[in-house]
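Peer 1: Any chance you can model this:
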Amino acid sequence: MTIKVYQVDRHGQTNTVRPKTDVIPLKGPPESTKYPPCEYDRCSKGTPRHIP
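Peer 2: Numbering: from 1, shown residues only. Got it, this is the predicted structure:
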């Protein structure tokens, strides 16, 4: 498997940050697929993020 890291500017032009490189995929998912608790103020108050 390969990966290439690039940036896209507001005009749609790309700039390579890191050229293609080979990577070895994991044999399985990480032991914990649980996201860390959200530290956003609205999350802690129980208000959904999409509501301003």
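
Peer 1: Show me where the protein has its strands.
Peer 2: 2-8, 14-22 (DSSP state E).

Peer 1: Show me the contact partners of the last one.
Peer 2: Contacting residues not belonging to strand 14-22 are listed as 1-9 [Cβ atoms under 8 Å, 6 or more residues apart in numbering]. Just so you know, the C-beta spots here come from the backbone N, C-alpha and C atoms, and that holds for glycine as well.

Peer 1: Nearest to Gly28 among the residues you listed?
Peer 2: Here the nearest of the contacts of strand 14-22 to Gly28, counting by Cβ to Cβ, is Met1; it sits at 15.2 Å.

Peer 1: you'd agree that closest one is up against Pro25?
Peer 2: Yes: using Cβ atoms under 8 Å, Met1 is in contact with Pro25, at 5.4 Å.

Peer 1: Is it possible to mark the buried ones in the contacts of strand 14-22?
Peer 2: Neighbour counting by 16 or more other Cβ atoms under 10 Å classes none of the contacts of strand 14-22 as buried.

Peer 1: Out of those, which one has the weakest pLDDT?
Peer 2: In terms of pLDDT, the lowest of the contacts of strand 14-22 is Met1, showing 83.

Peer 1: Quick one: residues contacting that residue.
Peer 2: Neighbouring residues of Met1 by Cβ under 8 Å, 6+ apart: 22-25.
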